[in-house]
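Enquirer: can you look at this prediction? I've put the sequence above it.
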Amino acid sequence: MPQYLLSVMQPQGEPPAPEVLQGIMRNVEALHEELKAAGAWVFAGGLHAPSTATVVRLQDGDVLTTDGPYLEGKEYLGGLSIIEAPDLDAALEWGRKSARAITLPIEVRPFVGGSTG
């Protein structure tokens with residue numbers, strides 16, 4: 001079955017107040033349970049802020065590392081889910097459910113190599 005990446009697009013800045021975040025996390029956990037029950041769950045996880053990133057790149061035959069994100073912007077990848085869905089329409093429905101649960105934009109992208117029907 002094709003796999004899809006659901007990317008959480010998180011804005012820079014302070015997270016929501018704890019009482020708001022608790023509700024969001026309950027919604028996310030319920031969504032994860034629904035994904036598992038449907039057999040669509042592969043993996044999910046949140047990410048630390050971009051300031052914690054290290055970039056590793058090849059330059060002139062040497063491997064260099066630099067602190068900080070590869071790209072800086074007003075939004076960043078805050079978390080992700082990998083799901084299995086029979087087609088793009090089904091993956092988009094999981095994306096809609098994710099956006100409702102998380103209250104942030106969700107980017108839905110198919111992995112290369114599978115039929116995305």
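Expert: Okay, I see it.

Enquirer: quick check: chain neighbours aside, which residue is closest to the residue nearest the centre of the chain?
Expert: Nearest to the geometric centre of the chain sits Leu80, at 2.0 Å (C-alpha atoms, centre = their mean). In this structure, Leu80 finds its nearest non-sequential neighbour in Ser7, 5.4 Å apart by C-beta to C-beta, 6 or more residues apart in numbering. Every residue, glycine included, has its C-beta placed from N, CA and C.

Enquirer: list the residues that contact the one you found.
Expert: Neighbouring residues of Ser7 by C-beta atoms under 8 Å, 6 or more residues apart in numbering: Leu77, Gly79, Leu80, Ile106, Glu107, Val108, Arg109.

Enquirer: hang on, the residue nearest to the centre of the chain packs against Met9?
Expert: No: with contact defined as C-beta atoms under 8 Å, Leu80 does not count as touching Met9 (10.5 Å).

Enquirer: circling back: quick one: which of the contacts of Ser7 is nearest Trp41?
Expert: The nearest member of those to Trp41, counting by C-beta to C-beta, is Leu80 at 12.7 Å.

Enquirer: the residue nearest to Leu80: which element?
Expert: Assignment of secondary structure by DSSP states H and E places Ser7 within strand 3-11.

Enquirer: other SSEs contacting the lengthiest helix in the chain?
Expert: Counting residues, the longest helix found in the chain (DSSP state H) is helix 18-38. Helix 18-38 sits against strand 41-46, strand 75-84, helix 88-102, with contacts defined as 3 or more C-beta pairs under 8 Å, 6 or more residues apart in numbering; DSSP states H and E.

Enquirer: burial measure for the closest residue to Glu72 other than its chain neighbours, as a count.
Expert: Using C-beta to C-beta, 6+ apart and skipping the chain neighbours, the partner closest in space to Glu72 is Pro50 (7.1 Å). Look at Pro50: counted by other C-beta atoms under 10 Å, it has 17 neighbours.

Enquirer: equivalent analysis for Pro11, please.
Expert: Neighbour tally, Pro11, other C-beta under 10 Å: 13.
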